[in-house]
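S.K.: Using only what follows, build the 3D model:
(chains A and B, ligands or ions: 1)
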Amino acid sequence: MTFNLTVSPDFAPDHISGWYFFNTWLQRKLGVGIHLELYDSFDAQREDIRAEKFDLIYANPYDASMLVREMGFQAVVKPASKSDETIIAVNAESPFHTVEDLISGCRVATTDDPDVHTMGMIMLESADLDKNNTEIKQHSSYVVVAKNLLNGDADAGFFLKDAYDELSELIRSKMRVLVSSQISVVHHSLLVGPRMAEHIPAIQTALLTMHDDEKGKGVLESMDIETWEPMDSEQTEFMIDLIDTLID
Amino acid sequence: MSEQDTGEVRTVEIAYFDGTKRTADIVDREVPYPDGKLIVSRTDPQGIITHANQAFIDMSGYSEDELIGTNHYILRHPDMPAIAFKGLWDTIEQGTKWHGYVKNLRKDGAYYWVKATVIPNIRNGQLVGYTSVRRKPSRSKIVESEALYKTLLAEE
Ligand SMILES: Cc1cc2nc3c(=O)[nH]c(=O)nc-3n(C[C@H](O)[C@H](O)[C@H](O)COP(=O)(O)O)c2cc1C
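M.R.: Below you'll find the model as predicted:
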């Protein structure tokens, strides 16, 4: 039986090859066949996840909630010291200097990344802004969000902090951060589905010692992950409860 | 900082739902909610604190040791009407999510406003506790809540 792996589309394009190396490495370790499928769009990926196409998913926290509570997945590891934080940025020349300066009718550039969009909207609440009094436009990537700010086609943009930090120096120099979230307990995780459940102990052992092996270390570097840390079910449930409080 | 803040100090006796009381010095000074942070705590089913994140420790002014094992009412501000918390408990005990604006009392007597959400934590069908996550409220909601709670308090 060949299993199927997919990765939340919010990683930087430079790390795509890293996920292919990871898949090769993991197949050798486990002695099973795994097919990797990548997506550009969160929505298209979520549709296939719901159709039970996948057994192994490196998921954003929002999808982790659906995977655990509705589809019987189990989180096994998370990347060490990597939390998902959201930035609201403006054009460097913008008259807005705090979130509270943003006004009704303002144009917001976002992506279909569910965590970042949710957190971005929460950070707008303190300015009395919501989906009813803002013009929200969804774009295909954070680079396009940045372009909209630079062109003056948007007043504020939502970014995954990691993605913002990986934009070019030149682009970043033309933007200004209004607010950056500091939540620290919301992060991506690798989840295993019911069909692959018998492999969980082997997967966890392999991944938790991945940085000790020469090949494994190189693969981690190419994915921009230092090491994996274990995740138990209570940690997962805690994160999901927290996300639940953020969704209406 | 609220426009009406006077910095005035008053000594108030706070009586809790469970019959216990304490005397607290209340300072009319708002501590602004930190941008981008979420204040997170968890309690057992009775409302005893079992977890507090760093933002909670920083904003409440208590140490982690002082918070864990303490009833969540330690943050109750005398300007909050009892009926607001009755609404909270009635909602979460039914297993549903509660949202509301809360004025909290810090250890130093000053206050901070939050937009709070509380949800029940269900594990294998059993209630094991509650999680509360607070975010920054807008100034207009604070002004609205101040007026509402004043009216409700006057009726108690
Ligand atoms: C998870 C959770 C978080 C709570 N957070 C607060 C809080 O931040 N401030 C507060 O005054 N009460 C909070 N409460 C409500 C208190 O338990 C209590 O009902 C309230 O302080 C009023 O006290 P009293 O009912 O003893 O009069 C929380 C309750 C729960 C279950």
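S.K.: Could you pull up phi and psi at A:G218?
M.R.: Note on A:G218: its backbone torsions stand at phi -60, psi -40 [degrees, to the nearest 10].
S.K.: That one: how many residues sit nearby?
M.R.: Neighbour count of A:G218, defined by other Cβ atoms under 10 Å in any protein chain shown: 12. Any C-beta I mention is one placed from the backbone N, CA and C, and that applies to glycine too.
S.K.: Relative to chain B, how far out is the residue nearest to it when sequence neighbours are not counted?
M.R.: Counting by Cβ to Cβ, 6 or more residues apart in numbering or on different chains, A:G218 lies nearest to A:F21, which is 7.6 Å off, once chain neighbours are set aside. A:F21 is 34 Å from chain B, where distance means Cβ to the nearest Cβ, to the nearest Å.
S.K.: and A:F21, what element?
M.R.: helix A:16-30 (DSSP states H and E).
S.K.: After the helix or strand hosting A:I57, which helix or strand is next? Please name it.
M.R.: In this structure, A:I57 sits in strand A:56-59 according to DSSP H and E. For strand A:56-59, the succeeding helix or strand toward the C-terminus, using DSSP H and E, is helix A:61-71.
S.K.: tell me what that following helix is packed against?
M.R.: helix A:42-50, strand A:56-59, strand A:74-79, helix A:114-124, strand A:189-192, helix A:233-246 (3 or more Cβ pairs under 8 Å, 6 or more residues apart in numbering or on different chains; DSSP states H and E).
S.K.: For these, give me JSON lines that also has mean pLDDT.
M.R.: JSON lines is the format used below for those (pLDDT from 0 to 100):
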{"stretch": "helix A:42-50", "mean pLDDT": "92"}
{"stretch": "strand A:56-59", "mean pLDDT": "96"}
{"stretch": "strand A:74-79", "mean pLDDT": "96"}
{"stretch": "helix A:114-124", "mean pLDDT": "95"}
{"stretch": "strand A:189-192", "mean pLDDT": "96"}
{"stretch": "helix A:233-246", "mean pLDDT": "92"}
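S.K.: starting at the chain centroid, how far to the helix holding A:F21?
M.R.: 19 Å (Cα atoms, centre = their mean, to the nearest Å).
S.K.: Ok, stretch A:170-186 next?
M.R.: 15 Å.
S.K.: Enumerate the beta-bridge partners assigned to the residue most central in space within chain B.
M.R.: Nearest to the mean C-alpha position of chain B, counting by Cα atoms, centre = their mean, stands B:N104 at 4.4 Å. Going by DSSP bridges, B:N104 is paired in beta bridges with B:R76, B:Y112.
S.K.: wait, doesn't it sit right on B:V114?
M.R.: Yes: look at B:N104 against B:V114 with Cβ atoms under 8 Å: they come within range, at 6.3 Å.
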